[in-house]
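**Q** model the following, please.
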Amino acid sequence: MAFLWKVPAEMPTKKPVAVNPKPVLQTRSLREQVYDYLRGEMNSGGLQPGAFLDLNALALHLGISRTPLRDALLQLEVEGFVEILPRRGFRLKPLSLGEIRNIYQIVGALESAALATAGPRLGKAGLARMKAENKGMRQAILAEDYEAFFVHNLAFHGVFLEASENLRMVALVQSLKQRLYDWPRRKVFLKSWEERSIQEHARLVELLENRKFEEAAAYHRDVHWSFDVQEAFVRLYYLTDLAD
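**A** The predicted structure is shown next:
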């Protein structure tokens with residue numbers, strides 16, 4: 001029987017597919033890009049708390065219409081960075097002591113709940129990561145590297161937040177911490193407070209190592225994220241020119 005097709009003696013060499021290093025389509029919306037720009041300006045101090053925004057001038061500067069700009073500002077309003085005042089427009093909302101108190105209460109409650117859930121899941125590997133991040137915080141202080149300290153601090157908390165497997169809670173905590181730390185982010189140390197945080201982290205790891213998960217959660221809420229316990233540092237850091 002004759003075959004209807006014939007296998008070639010040599011298979012043709014497959015030509016490599018050219019990959020365009022630059023995406024053809026922009027996957028992020030214009031609103032998201034404007035939002036990221038505004039958050040970057042807030043973080044760096046380019047936009048200062050208390051200032052009113054001239055939407056026309058800002059849209060002209062960015063080369064966009066007012067619609068994606070307003071959409072981004074409405075998102076920032078939801079997150080607490082912006083407030084809308086009748087007949088006055090968008091104002092960059094200062095971080096008040098009362099709002100700091102509220103954030104401490106909410107983050108303390110959420111992170112302590114995460115600890116109670118995630119504590120038994122951390123294991124030796126998770127606790128080792130927490131210790132490494134805490135060590136990184138101390139090394140950052142010695143190196144006078146505030147950005148590194150900030151990253152290690154977030155990563156320390158991120159270990160047990162990730163282990164909680166509650167993505168909605170993690171997103172809310174991250175949003176609240178952005179409000180607390182990034183308006184604008186002060187790239188200087190209050191070393192007495194940073195050293196205190198490292199000691200509290202070490203105590204927290206110790207409780208977790210001894211499998212005292214409920215006690216660790218309570219300590220985290222009632223000490224590390226207690227506004228009343230941390231108030232003197234909060235006032236010095238947020239309301240003064242940082243006298244150490």
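**Q** shaky segments in the chain?
**A** Residues of the chain meeting the criterion pLDDT under 70: 1-27, 184, 241-244.
**Q** all helices for it, in order.
**A** Counting by DSSP state H, one finds helices in the chain at the ranges 30-44, 55-62, 66-78, 97-142, 146-164, 167-181, 191-209, 213-219, 227-239.
**Q** where's the spatially closest residue to residue 47 that is not a sequence neighbour relative to residue 65, distance?
**A** Excluding the flanking residues, the one nearest residue 47 by Cβ to Cβ, 6 or more residues apart in numbering is residue 41, at 4.4 Å. From N, CA and C alone the C-beta is placed, and that goes for glycine too. Plainly put, residue 41 is 19 Å away from residue 65 if you go by Cβ to Cβ, to the nearest Å.
**Q** now swap in residue 124 and tell me
**A** For residue 124 relative to residue 65 (Cβ to Cβ), the value is 54 Å.
**Q** turn the helices of the chain into CSV, columns for distance to residue 86 and mean neighbour count.
**A** Formatted as CSV, the helices of the chain follow (distance: least, Cβ to Cβ, whole Å; neighbours: other Cβ atoms under 10 Å):
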stretch, distance to residue 86, mean neighbour count
helix 30-44, 22, 17
helix 55-62, 15, 13
helix 66-78, 14, 17
helix 97-142, 21, 17
helix 146-164, 37, 19
helix 167-181, 23, 15
helix 191-209, 39, 17
helix 213-219, 43, 18
helix 227-239, 28, 15
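**Q** before I go, just wanted to say thanks for your time.
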